[in-house]
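Peer 1: no sequence for this one, just the structure:
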């Protein structure tokens, strides 16, 4: 999952300190409502330590009934690689269902890598959520894309005239 909409960066502020906007939180609630109906129930939530990702992870976890504190990991920071995240995933392979919260373009690169198509371009929208199923945790991943939910799709009922 990519973090929800965050504040615009201001001169002199740190990128990692940007908080979610009220609109970002609203759209995230809609995505989590649909994801919950689709059966999403993480046994482990991992997040980038950037504020916008942590706030996204905490709100998503709360809405999904996850009781623990999300695990902050530097492997989900911008500038990391899909391979680094894969190694982190492999450490937690006993978790039934992982929810990862991070940033673009890293999450799109991760999805392509996990699908065995590293040249595939995937644009993960803010607040967007992909479900990938992994059937093995060997050195090279082999995943299946089950669905991709964007805030616009989650809020589709409100788009109609």
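Peer 2: Good, I have the coordinates. Everything numeric in this text was worked out from a predicted model, so none of it was measured.
Peer 1: Residue 155 touches residue 27, doesn't it?
Peer 2: Yes - here residue 155 reaches residue 27: they are 6.7 Å apart, a contact under CB atoms under 8 Å. All C-beta atoms are positioned from the backbone trio N, CA, C, and that covers glycine.
Peer 1: higher neighbour count, those two?
Peer 2: Between residue 155 and residue 27, counted using other CB atoms under 10 Å, the more crowded position is residue 27 (23 against 16).
Peer 1: residue ranges of the helices in the protein, please?
Peer 2: Using DSSP state H, the helices of the chain run over residues 22-37, 51-63, 82-91, 106-114, 151-154.
Peer 1: Kindly present the ones you listed as a markdown table, with separate columns for distance to residue 45 and mean pLDDT.
Peer 2: Output for those, formatted as a markdown table (distance: least, CB to CB, whole Å; pLDDT from 0 to 100):
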| stretch | distance to residue 45 | mean pLDDT |
| --- | --- | --- |
| helix 22-37 | 12 | 96 |
| helix 51-63 | 5 | 98 |
| helix 82-91 | 13 | 95 |
| helix 106-114 | 15 | 97 |
| helix 151-154 | 19 | 94 |
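Peer 1: Which of those helices sits closest to residue 13?
Peer 2: Relative to residue 13, the nearest member of the helices of the chain by CB to CB is helix 51-63, separated by 10.8 Å.
Peer 1: which residues touch that closest one?
Peer 2: Outside of helix 51-63, the residues within contact range by CB atoms under 8 Å, 6 or more residues apart in numbering are 1, 3-4, 6-7, 16-20, 24-25, 28-29, 32-33, 36, 42, 45-48, 66, 68, 70, 72, 76, 99, 101-103, 127.
Peer 1: out of those residues, which are buried?
Peer 2: By neighbour count, with 16 or more other CB atoms under 10 Å, these hold 1, 3-4, 6, 18, 20, 24-25, 28-29, 32, 42, 45-48, 66, 70, 72, 76, 99, 101-103, 127 as buried.
Peer 1: Phi and psi next, for the nearest residue to residue 99 once chain neighbours are set aside.
Peer 2: Excluding its sequence neighbours, the residue lying closest to residue 99 (CB to CB, 6 or more residues apart in numbering) is residue 42, at 3.9 Å. Backbone torsions of residue 42, given as degrees, to the nearest 10, read phi -70, psi 140.
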